[in-house]
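>>> Sequence plus predicted model, see below.
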Amino acid sequence: MSAPQSLLPALLLLCAGRAFAQSAEPEPVAIVELGGAVSRDLKGGTSFGPDLAVEATPIENWLELEAGATPLFSRHTVEWDTDLLFKKPWTLSKKAEFMVGVGPEWIHTRAYGITTNSPGIEAALDFMFWPSAKRRFGWYLEPGYDYSFGQGHPRSVGISAGLLIAIP
């Protein structure tokens, strides 16, 4: 058997070994975040509401995109925060992930009968916990900071938490 002929079976075995070493579970197309949020304006006032976001991974281990909406309710005020966060992920273990994200935000507020719209920026830390190795369901904790470019430049800190649902 010549050298090129013996090289072919060796390459086939090497490729087969790499194929078998890959995870049996495919990466999810998206992850849905469904939970609740609380926000505190730095000048005073607290608001609460549901939180819904969808997260996708265009560049594995480098970039995750999260689009979300959160209606926040307080006395005489309703605020809708819609954001798009660009996140850098880190895998801490098989069951835990951490991400740092920043991105633009659109803030629609109705207070005392007056409606305002303003752009803003949001920064967030995202902790994801997956109880099983299959990563179908989990939970998240996401503290964040918002800065509005609207009148008075309101700033707020908040946290959202809830259920993670992987979409295969």
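Looks like it came in fine. Because the structure is predicted, anything quoted here is derived from the model rather than measured.
>>> Dig out what the spatially closest residue to residue 62 that is not a sequence neighbour forms beta bridges with.
Leaving aside its chain neighbours, residue 62 sits nearest to residue 88 (6.9 Å; criterion: Cβ to Cβ, 6 or more residues apart in numbering). In this view, the C-beta of every residue, glycine as well, is placed from N, C-alpha and C. Using DSSP bridges, the beta-bridge partners of residue 88 come out as residue 100.
>>> residue contacts, residue 88?
The neighbourhood of residue 88, defined by Cβ atoms under 8 Å, 6 or more residues apart in numbering, consists of 62-64, 99-101.
>>> for the protein, what helix or strand is lowest in average pLDDT?
When the helices and strands of the chain are compared on mean pLDDT, DSSP states H and E, helix 3-21 comes out lowest with a mean of 43.
>>> Buried ones in whatever helix or strand residue 51 lives in, by neighbour count?
Assigned by DSSP states H and E, residue 51 belongs to strand 46-59. Across strand 46-59, burial judged by 16 or more other Cβ atoms under 10 Å covers 47, 49, 51-55, 57.
>>> how far off strand 46-59 does the next helix or strand after it point, in degrees?
Beyond strand 46-59 on the C-terminal side, the first helix or strand identified by DSSP H and E is strand 63-74. Calculated by axes from the mean of the first three to the mean of the last three Cα atoms, to 10 degrees, strand 63-74 forms an angle of 170 degrees with strand 46-59.
>>> I'd like to know which elements strand 63-74 is packed against.
Using 3 or more Cβ pairs under 8 Å, 6 or more residues apart in numbering; DSSP states H and E as the contact test, the elements touching strand 63-74 are strand 30-41, strand 46-59, strand 77-93, strand 96-111.
>>> and the gap between the spatially most central residue of the chain and residue 139?
When the chain is reduced to its mean C-alpha position, the nearest residue by Cα atoms, centre = their mean turns out to be residue 66, at 4.6 Å. Relative to residue 139, residue 66 is positioned 16 Å away (Cβ to Cβ, to the nearest Å).
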